[in-house]
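J.: Build me a model:
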Amino acid sequence: MSLETLGWGPAFEHAFSTLVSQSPLSLVPGRVVRQHRGLLTVQTDTRTLLARTAGRLLHQAPGVESLPTIGDWVALQLPDGDGEALLHAVLPRASVLARREAGSERDGQLIAANLDVVVLVAGLDGNFNPRRIERALALAWTSGAAPVVVLTKADLRPDADSLVAEVEELAPGVPVLALSSWTGEGIEALRAQLPAGKTGALLGSSGVGKSTLVNRLLGEARLVTQAVRAEDDKGRHTTTHRELFVLPGGGLLIDGPGMRELGLWGEDDGIGQTFTDILELAAGCRFTDCQHQREPGCAVRAAVSSGALPEARLASYERLRREQAYQVRQRSASAERDHRRHERGRTLMGWEASRSKRRRD
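T.: Below is the predicted model:
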């Protein structure tokens, strides 16, 4: 398989060439195509092989964001025989999709790297939730990739077109596709969003039909699927790993476990790109620092009062802004603590080395 088939391009070629010129090791480029717990599978232009992360990279990484994830381009030292490759470096990413780790206030979780498209999947059944779609859009915009909203199970809803129109209002300029993996409706429209060499990743909760969608795009039943629970319309976790698939036509698609929580992560203004309508209204407020509460001359509150802006959308915007601000404060405090701990460790190591030298002398 050629590297170009996997999305290799001039920027990655330049980064790799620079790395090789500065390393005494014999390294080859590859892309992480499968991730299961701590195990990585990497595809080079000639081989598919398991790889483990070099100890130096593990110990020098300032955080989880610097470690390899699905979709990363990496520099490998190949084994002499059939053993594991050694992963020495992660090439600079074109984009990275991440979320706040479930149950944590300060830690992030990488979802996928080097994406061109983030496919936000919601089911047109009990899973449909406009507020969750807004949150997913904010994550997608923050990643640096372009979002596409996919509404699955369109065959179950005679009013699918009206729901598409509702989501289009939430996501100005973002493609919104209603499709059915069962009938094939809308599949080609989604395929057109993933041309040859471009990488997408599916983002959605369990039960929205991601695995079924991948099977339909592949034209074969590669992934195991399960029905949602009839008693509560909740999905079951069928996929337990992340994997990159090459689709017929050359597009690339990453699938992984469903995510019930989509905590914001990162400081980029994905919220602003998600709520452009509110920002445009805010430009007409009397005060530049208007908080859209009870300030006189608030154009945003006026739009809510007139019905032009739904109260629920404004509430979602304010909730996500508060969450993002809180996460930035938590990350800054955590980074400062980690830095102080690191400096104390270096000071202690220096003191121990000095004492050992004095003893030898």
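J.: counting residues per strand, which one in the chain is longest?
T.: When every strand of the chain is counted residue by residue (DSSP state E), the longest turns out to be strand 28-36.
J.: and that one, what does it pack onto?
T.: The elements that strand 28-36 packs onto, with contact taken as 3 or more CB pairs under 8 Å, 6 or more residues apart in numbering; DSSP states H and E, are strand 39-43, strand 48-53, strand 73-77, strand 242-246. The C-beta positions use only the backbone N, C-alpha and C, and glycine is treated the same way.
J.: pLDDT of that strand, averaged?
T.: When pLDDT is averaged over strand 28-36, the result is 95.
J.: next one: stretch 119-127
T.: For stretch 119-127, the per-residue pLDDT averages 89.
J.: hang on, residue 91 packs against residue 31?
T.: No. Residue 91 lies out of contact with residue 31 (CB atoms under 8 Å); the separation is 9.6 Å.
J.: between the two, what contacts are shared?
T.: Common contacts of residue 91 and residue 31, defined by CB atoms under 8 Å, 6 or more residues apart in numbering, comprise 72, 73, 74.
J.: how about stretch 45-55: buried residues?
T.: For stretch 45-55, the neighbour count (16 or more other CB atoms under 10 Å) marks 49, 51, 53, 54 as buried.
J.: ok, back up a step: enumerate the positions of the longest strand of the chain that are buried.
T.: Going by neighbour count (16+ other CB under 10 Å), the buried part of strand 28-36 is 28, 29, 30, 31, 32, 33, 34, 35.
J.: can you redo those residues as TSV with distance to residue 312?
T.: As requested, the buried residues of strand 28-36 are arranged in TSV below (distance: CB to CB, whole Å):
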residue	distance to residue 312
28	52
29	47
30	46
31	41
32	39
33	40
34	40
35	36
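J.: Could you identify the most distant pair in the residues you listed?
T.: Within those, two members stand farthest from each other by CB to CB: 28 and 35, at 19.4 Å.
J.: how many neighbours does residue 38 have?
T.: Look at residue 38: counted by other CB atoms under 10 Å, it has 7 neighbours.
J.: Let me know the secondary structure of the most centrally placed residue in the chain.
T.: For the chain, the residue whose C-alpha lies nearest the mean C-alpha position (CA atoms, centre = their mean) is residue 97; its distance is 2.2 Å. With DSSP: H, G, I helix; E, B strand; the rest coil as the basis, the three-state label of residue 97 is strand.
J.: what pairs with it across the strands?
T.: Residue 97 has these beta-bridge partners by DSSP bridges: residue 112.
J.: quick one: it and residue 109 touch, right?
T.: No. With contacts defined as CB under 8 Å, residue 97 does not count as touching residue 109, sitting 10.0 Å away.
J.: For residue 266, find the nearest of the helices and strands packed on strand 28-36.
T.: Of all the helices and strands packed on strand 28-36, the one in closest proximity to residue 266, counting by CB to CB, is strand 242-246 (19.3 Å).
J.: Need the nearest residue in space to residue 198, chain neighbours excluded.
T.: residue 116 (4.3 Å; CB to CB, 6 or more residues apart in numbering).
J.: what does residue 27 give?
T.: The spatially closest residue to residue 27, leaving aside those adjacent along the chain, is residue 75, at 4.4 Å (CB to CB, 6+ apart).
J.: Surely the one you found is in contact with residue 15?
T.: No. Under the criterion of CB under 8 Å, residue 75 lies out of contact with residue 15, with a separation of 9.2 Å.
J.: Any chance you could list residues touching both of these two?
T.: Residues touching both residue 75 and residue 15 comprise residue 91, with contact defined as CB under 8 Å, 6+ apart.
J.: Can you pull the phi and psi angles for the closest residue to residue 327 other than its chain neighbours?
T.: Ranked by CB to CB, 6+ apart and with sequence neighbours excluded, the top spatial neighbour of residue 327 is residue 264, at 5.9 Å. Main-chain dihedrals, residue 264, degrees, to the nearest 10: phi -60, psi 150.
J.: so residue 264 touches residue 320, yeah?
T.: Yes. Under the criterion of CB under 8 Å, residue 264 is in contact with residue 320, at a separation of 6.5 Å.
J.: hey, what's in contact with both of those two?
T.: A shared contact of residue 264 and residue 320, defined by CB under 8 Å, 6+ apart, is any residue touching both; here these are 135, 138, 271.
J.: quick one, helices of the stretch 151-300 of the chain?
T.: Ranges of helices in the stretch 151-300 of the chain, per DSSP state H, counting those that start in this stretch, are 160-170, 187-191, 210-218, 270-274, 276-282, 299-306.
J.: Could you give the number of residues near the residue nearest to residue 27?
T.: Applying other CB under 10 Å, we find 22 residues neighbouring residue 75.
J.: what sits opposite it in the beta ladder?
T.: According to DSSP bridges, beta-bridge pairing links residue 75 with residue 29, residue 89.
J.: can you give me the end-to-end distance of stretch 66-77?
T.: The first residue of stretch 66-77 is 19 Å away from its last residue (CA to CA, to the nearest Å).
J.: Nearest residue to residue 52 in space, please, no chain neighbours.
T.: Nearest residue to residue 52 in three dimensions, chain neighbours excluded: residue 84, at 5.2 Å (CB to CB, 6+ apart).
J.: Flag every buried residue along the helix or strand encompassing residue 140.
T.: Here residue 140, judged by DSSP states H and E, is contained in helix 130-143. For helix 130-143, burial by neighbour count (16+ other CB under 10 Å) applies to 130, 132-143.
J.: Go through those and name the one nearest residue 68.
T.: Distances from the buried residues of helix 130-143 to residue 68 were compared by CB to CB; the smallest belongs to residue 143, at 16.7 Å.
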